[in-house]
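Enquirer: model this:
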Amino acid sequence: MKKILELYKKYKEIINYLIFGGLATVVNFVSYYIFARTLNVDEVISSGLSWFCSVLFAYVTNKLFVFESKKNTKKEVIKEMVSFFLARIVSGALCDVGTFALMVKVFNINDIIAKIVTQVMVVIVNYVFSKLIIFKKDKKQE
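Expert: Model (predicted):
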């Protein structure tokens, strides 16, 4: 048990990112299913709506539990939040909606398979944005 705790402390950020990223993906899939299959909303629109739901969840969990952002002035928080949402818009437009639409509408790939592929892409792109830009720690925080 001690070894597990040591490993967790050493890799806490990555482990938490994967856990909360996984939960954000669950939010994305569940909301997609509700929109597309239960409410019969177009697949591409459902994908955009599900992306929005997962981004709201991801912002809170990334800020509080993954990167443990210490930004607390109004200006810092606004800058961080705007950066987060802009990065998610880029990854959402390119990966989650754009690539999804291409896969489903052009290549006629099953929508669930397309969602799986695009979610893997989104997780990778979002981690890079979050780690290197949005929640980048100041020298004094490291």
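
Enquirer: Please make it C-alpha for all contacts and neighbour counts, starting now.
Expert: Will do.

Enquirer: Which stretches in this structure count as strands?
Expert: Counting by DSSP state E, the chain has no strands to list.

Enquirer: show me where pLDDT drops low in the protein?
Expert: 139-142 (pLDDT under 70).

Enquirer: What residues of stretch 94-111 count as buried?
Expert: 94, 95, 96, 97, 98, 99, 100, 101, 103, 104, 111 (16 or more other CA atoms under 10 Å).

Enquirer: Check the separation of the first and last residues in it.
Expert: End-to-end distance for stretch 94-111: 16 Å, by CA to CA, to the nearest Å.

Enquirer: just to revisit the earlier point, so which of the buried residues of stretch 94-111 belong to helices?
Expert: Among these, the subset assigned to helices under DSSP state H consists of 100, 101, 111.

Enquirer: Quickly name whichever of those residues is closest to residue 61.
Expert: Within these, proximity to residue 61 (CA to CA) peaks at residue 100, which comes in at 24.9 Å.

Enquirer: mind listing what that closest one touches?
Expert: Listed by CA atoms under 8 Å, 6 or more residues apart in numbering, the contact set of residue 100 reads 44, 47, 111, 114, 115, 118.

Enquirer: Now render those residues as TSV, adding distance to residue 126.
Expert: What follows is the contacts of residue 100, written out as TSV (distance: CA to CA, whole Å):
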residue	distance to residue 126
44	20
47	17
111	22
114	18
115	16
118	12
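
Enquirer: In ChimeraX, how would I select just the buried ones from those residues?
Expert: Written as a ChimeraX command, the selection of buried residues from these, which uses 16+ other CA under 10 Å, is:
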select :44,47,111,114,115,118
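
Enquirer: Name the residues of the biggest helix by length in the chain that are buried.
Expert: In the chain, taking DSSP H as the definition, the longest helix is helix 12-33. By neighbour count with 16+ other CA under 10 Å, helix 12-33 contains the buried residues 12-13, 16-17, 20-21, 23-25, 27-29, 31-33.

Enquirer: re the thing from before, which one of the buried residues of stretch 94-111 is nearest to residue 128?
Expert: Nearest member of the buried residues of stretch 94-111 to residue 128, counting by CA to CA, is residue 95, at 14.0 Å.

Enquirer: Thought residue 118 was touching that closest one, still the case?
Expert: Yes - Residue 95 is within contact range of residue 118, at 5.6 Å (criterion: CA atoms under 8 Å).
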